[in-house]
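Undergrad: got a structure for you, letters missing:
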């Protein structure tokens, strides 16, 4: 009788362990599925050195957007956000893409686009308060990002204004 009771407890323990493993895998699978269905874009700012019709400025600010989603996304708006007012934005109305492609842009999964900010952006007084770059998709999703290059660019603009 004691052997039968011990065997039953071991069997119950194994069953409980398998049930807990199944529940944990179910939760992980649900989390992964929910994450796959979300729009994910990486937004980063960088320095761009350009020649040609852009004037004498040795470098410009560029904003790179990479689609990390598992489905295509259409990016329709891009710009900079000052940190002093959450609703205010510096939207780049006619962005110039580094590859001279069309705008707005449909980005396939793992595809990216680089926007060159216009030189007249330096004259905007709100630029000294910029904290991050942003993009808005056709479905209204906003994604934001900040980099040391953006902070350096804003710092340079502040120093020029003094």
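TA: That came through fine. What you see is a predicted model, and the numbers here were worked out from it, not measured in a lab.
Undergrad: who are the packing partners of whichever strand or helix holds residue 133?
TA: According to DSSP states H and E, residue 133 maps onto strand 130-137. Here strand 130-137 touches strand 41-48, strand 60-67, strand 73-82, strand 142-145, helix 148-161, going by 3 or more C-beta pairs under 8 Å, 6 or more residues apart in numbering; DSSP states H and E. (C-beta placed from N, C-alpha, C; glycine too.)
Undergrad: may I see the buried residues of it?
TA: Across strand 130-137, burial judged by 16 or more other C-beta atoms under 10 Å covers 130, 132-137.
Undergrad: quick revisit: could the helices and strands packed on strand 130-137 go into JSON lines alongside distance to residue 104?
TA: Formatted as JSON lines, the helices and strands packed on strand 130-137 follow (distance: least, C-beta to C-beta, whole Å):
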{"stretch": "strand 41-48", "distance to residue 104": "13"}
{"stretch": "strand 60-67", "distance to residue 104": "11"}
{"stretch": "strand 73-82", "distance to residue 104": "4"}
{"stretch": "strand 142-145", "distance to residue 104": "15"}
{"stretch": "helix 148-161", "distance to residue 104": "22"}
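Undergrad: least confident of those, on average?
TA: Mean pLDDT values for these show the minimum at helix 148-161, a mean of 82.
Undergrad: centroid-nearest residue for this structure?
TA: The chain has residue 42 as the residue nearest its centroid, 2.6 Å off, counting by C-alpha atoms, centre = their mean.
Undergrad: count of residues packed around the closest residue to it other than its chain neighbours?
TA: Using C-beta to C-beta, 6 or more residues apart in numbering and skipping residues adjacent in sequence, the residue nearest residue 42 is residue 66, 4.4 Å away. Residues lying near residue 66 (other C-beta atoms under 10 Å) number 16.
Undergrad: same question for residue 141.
TA: Counted with other C-beta under 10 Å, residue 141 comes out at 15.
Undergrad: what do you get for the one 4 residues further on?
TA: Other residues within reach of residue 145, judged by other C-beta under 10 Å, total 17.
Undergrad: that one: what's it in contact with?
TA: Shown in contact with residue 145 (C-beta atoms under 8 Å, 6 or more residues apart in numbering): 42-45, 132-134.
Undergrad: quick one: average pLDDT of the longest helix that the chain contains?
TA: Identified as the longest helix of the chain according to DSSP state H is helix 2-36. Mean pLDDT, taken over the full extent of helix 2-36, equals 82.
Undergrad: and that helix, what does it pack onto?
TA: Counting by 3+ C-beta pairs under 8 Å, 6+ apart, helix 2-36 packs on no helix or strand.
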